[in-house]
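Enquirer: starting from these lines, generate the structure:
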Amino acid sequence: MWNWKRATTFKGWRQHSDPSRDQAFFTVHKLRGKTLVQAVGGNGISYNLGHRRNGVRIWGWPGEKPFYGERAHYCDGNTFKRHRLLNDMRMSSCAMSGGASGGPWLSKRTSKDLGYVFGVTSRASISGPRYVLSTPFNNSVRNLLNDIGK
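Expert: Model prediction:
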(Lines give C-alpha, C1' and ligand atoms only; values in the text may rest on other atoms or scores of the structure.)
Protein backbone atom coordinates (compact mmCIF):
# COMPACT_ATOMS: atom_id res chain seq x y z
CA MET A 1 0.00 0.00 0.00
CA TRP A 2 1.35 3.42 -0.99
CA ASN A 3 0.67 6.44 1.21
CA TRP A 4 0.15 9.77 -0.46
CA LYS A 5 2.39 12.69 0.44
CA ARG A 6 1.06 15.68 -1.47
CA ALA A 7 -1.83 16.39 -3.86
CA THR A 8 -2.83 19.35 -5.99
CA THR A 9 -5.42 20.41 -8.54
CA PHE A 10 -6.52 23.64 -10.19
CA LYS A 11 -8.47 26.30 -8.32
CA GLY A 12 -10.93 26.36 -11.24
CA TRP A 13 -11.75 22.71 -10.60
CA ARG A 14 -11.97 23.01 -6.81
CA GLN A 15 -14.15 26.11 -6.82
CA HIS A 16 -16.18 25.88 -10.04
CA SER A 17 -15.89 22.28 -11.33
CA ASP A 18 -14.48 23.71 -14.57
CA PRO A 19 -14.09 20.61 -16.79
CA SER A 20 -11.13 22.16 -18.62
CA ARG A 21 -9.30 22.11 -15.27
CA ASP A 22 -10.26 18.56 -14.27
CA GLN A 23 -6.67 17.40 -13.71
CA ALA A 24 -4.79 16.62 -10.50
CA PHE A 25 -1.48 15.19 -9.37
CA PHE A 26 -0.31 13.49 -6.22
CA THR A 27 2.97 12.20 -4.90
CA VAL A 28 3.48 9.16 -2.70
CA HIS A 29 6.06 8.23 -0.11
CA LYS A 30 8.63 5.58 -0.94
CA LEU A 31 7.84 2.05 0.14
CA ARG A 32 10.72 -0.21 1.13
CA GLY A 33 13.12 2.32 -0.40
CA LYS A 34 11.44 2.39 -3.84
CA THR A 35 9.29 4.94 -5.58
CA LEU A 36 5.97 3.79 -7.01
CA VAL A 37 7.32 4.03 -10.57
CA GLN A 38 10.42 2.01 -9.63
CA ALA A 39 8.18 -0.71 -8.20
CA VAL A 40 5.48 -0.99 -10.87
CA GLY A 41 6.46 1.22 -13.83
CA GLY A 42 4.65 4.18 -15.30
CA ASN A 43 3.79 6.29 -18.31
CA GLY A 44 5.37 9.53 -19.47
CA ILE A 45 3.50 12.79 -19.83
CA SER A 46 3.16 15.11 -22.85
CA TYR A 47 1.91 18.66 -23.27
CA ASN A 48 0.65 20.83 -26.11
CA LEU A 49 0.01 17.94 -28.51
CA GLY A 50 -3.36 19.35 -29.52
CA HIS A 51 -6.70 17.63 -30.07
CA ARG A 52 -5.94 15.60 -33.20
CA ARG A 53 -3.91 12.49 -32.42
CA ASN A 54 -3.75 9.13 -34.17
CA GLY A 55 -3.24 5.79 -32.46
CA VAL A 56 -4.52 6.88 -29.05
CA ARG A 57 -5.47 4.40 -26.31
CA ILE A 58 -7.92 5.54 -23.61
CA TRP A 59 -8.08 3.53 -20.39
CA GLY A 60 -10.93 3.61 -17.90
CA TRP A 61 -12.83 1.65 -15.26
CA PRO A 62 -16.43 2.37 -16.31
CA GLY A 63 -19.07 1.49 -13.74
CA GLU A 64 -22.42 2.13 -15.41
CA LYS A 65 -24.18 -0.49 -17.54
CA PRO A 66 -23.13 -2.33 -19.58
CA PHE A 67 -19.94 -2.16 -17.48
CA TYR A 68 -19.54 -3.03 -13.80
CA GLY A 69 -16.46 -1.05 -12.69
CA GLU A 70 -14.53 -4.16 -11.73
CA ARG A 71 -11.97 -4.22 -14.50
CA ALA A 72 -10.17 -1.88 -16.83
CA HIS A 73 -11.38 -1.29 -20.38
CA TYR A 74 -9.74 0.57 -23.22
CA CYS A 75 -10.54 2.12 -26.57
CA ASP A 76 -8.17 2.61 -29.49
CA GLY A 77 -8.60 5.24 -32.17
CA ASN A 78 -8.01 8.80 -33.24
CA THR A 79 -8.95 11.92 -31.31
CA PHE A 80 -10.30 15.23 -32.57
CA LYS A 81 -11.74 18.50 -31.27
CA ARG A 82 -15.33 18.04 -30.13
CA HIS A 83 -16.60 21.53 -30.94
CA ARG A 84 -14.88 24.58 -32.39
CA LEU A 85 -15.85 26.76 -29.38
CA LEU A 86 -14.89 24.25 -26.67
CA ASN A 87 -11.49 22.90 -25.69
CA ASP A 88 -12.65 19.26 -25.41
CA MET A 89 -11.36 16.38 -27.45
CA ARG A 90 -13.08 13.07 -28.01
CA MET A 91 -12.70 9.74 -29.72
CA SER A 92 -15.74 8.76 -31.77
CA SER A 93 -15.34 5.05 -31.11
CA CYS A 94 -15.12 5.06 -27.28
CA ALA A 95 -18.41 4.24 -25.55
CA MET A 96 -17.23 3.95 -21.94
CA SER A 97 -19.72 4.95 -19.27
CA GLY A 98 -19.56 6.81 -15.95
CA GLY A 99 -16.68 5.74 -13.73
CA ALA A 100 -14.13 6.01 -16.54
CA SER A 101 -13.17 9.49 -15.30
CA GLY A 102 -9.49 9.96 -14.57
CA GLY A 103 -8.41 7.32 -17.05
CA PRO A 104 -5.33 8.23 -19.12
CA TRP A 105 -5.32 9.12 -22.82
CA LEU A 106 -2.08 7.68 -24.19
CA SER A 107 -0.31 9.02 -27.27
CA LYS A 108 3.11 8.20 -28.67
CA ARG A 109 2.68 4.67 -27.34
CA THR A 110 5.84 2.72 -26.60
CA SER A 111 3.94 -0.57 -26.28
CA LYS A 112 0.31 -1.62 -26.38
CA ASP A 113 -0.26 -0.42 -22.82
CA LEU A 114 2.38 2.27 -22.27
CA GLY A 115 2.94 5.70 -23.74
CA TYR A 116 2.65 9.37 -22.91
CA VAL A 117 -0.44 10.69 -21.12
CA PHE A 118 -1.69 13.83 -22.86
CA GLY A 119 -5.14 14.02 -21.26
CA VAL A 120 -7.43 12.25 -18.80
CA THR A 121 -11.12 11.43 -19.07
CA SER A 122 -13.12 14.19 -17.43
CA ARG A 123 -16.69 13.25 -18.31
CA ALA A 124 -18.89 11.49 -20.84
CA SER A 125 -21.66 12.56 -23.18
CA ILE A 126 -25.07 12.67 -21.55
CA SER A 127 -27.27 12.33 -24.62
CA GLY A 128 -26.99 10.72 -28.03
CA PRO A 129 -24.10 8.40 -28.78
CA ARG A 130 -21.88 7.69 -25.79
CA TYR A 131 -18.30 8.99 -25.80
CA VAL A 132 -15.79 10.27 -23.25
CA LEU A 133 -14.20 13.74 -23.18
CA SER A 134 -10.84 15.18 -22.18
CA THR A 135 -9.00 18.49 -22.32
CA PRO A 136 -5.50 18.11 -23.82
CA PHE A 137 -2.68 18.88 -21.39
CA ASN A 138 -1.09 22.29 -21.91
CA ASN A 139 1.52 24.42 -20.14
CA SER A 140 -0.87 25.05 -17.21
CA VAL A 141 -0.92 21.31 -16.51
CA ARG A 142 2.89 21.21 -16.82
CA ASN A 143 3.14 24.03 -14.25
CA LEU A 144 0.75 22.23 -11.90
CA LEU A 145 2.93 19.11 -12.04
CA ASN A 146 6.12 21.13 -11.58
CA ASP A 147 4.62 22.89 -8.54
CA ILE A 148 3.87 19.64 -6.73
CA GLY A 149 7.51 18.60 -7.02
CA LYS A 150 8.77 21.70 -5.22
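Enquirer: any weak-confidence spans in the chain?
Expert: Applying pLDDT under 70 to the chain flags residues 85, 150.
Enquirer: tell me the contacts of the most centrally placed residue in the chain?
Expert: Nearest to the centroid of the C-alpha atoms of the chain, with distances taken as C-alpha atoms, centre = their mean, sits Val120, at 1.6 Å. Contact analysis of Val120 by C-beta atoms under 8 Å, 6 or more residues apart in numbering lists Asp22, Gln23, Ser101, Gly102, Gly103, Pro104, Trp105, Ser134. Heads up, the C-betas are built off the backbone N, CA and C, glycines and all.
Enquirer: wait, the first one sits on Phe137?
Expert: Meaning Asp22. No - taking contact to mean C-beta atoms under 8 Å, the distance of 11.5 Å between Asp22 and Phe137 leaves them out of contact.
Enquirer: sorry, back to before: narrow the contacts of Val120 to those in strands?
Expert: Pro104, Trp105, Ser134 (DSSP state E).
Enquirer: buried set for the longest helix anywhere in the chain?
Expert: If you go by DSSP state H, the chain has its longest helix at helix 139-148. Across helix 139-148, burial judged by 16 or more other C-beta atoms under 10 Å covers Val141, Leu144, Leu145.
Enquirer: just the helices in this protein please.
Expert: 11-16, 36-40, 139-148.
Enquirer: tell me if I'm right that Cys75 and Ser97 touch.
Expert: No - when contacts are counted by C-beta under 8 Å, Cys75 is not listed as touching Ser97 (12.0 Å).
Enquirer: more neighbours: which of those two?
Expert: Cys75 (20 against 17; other C-beta atoms under 10 Å).
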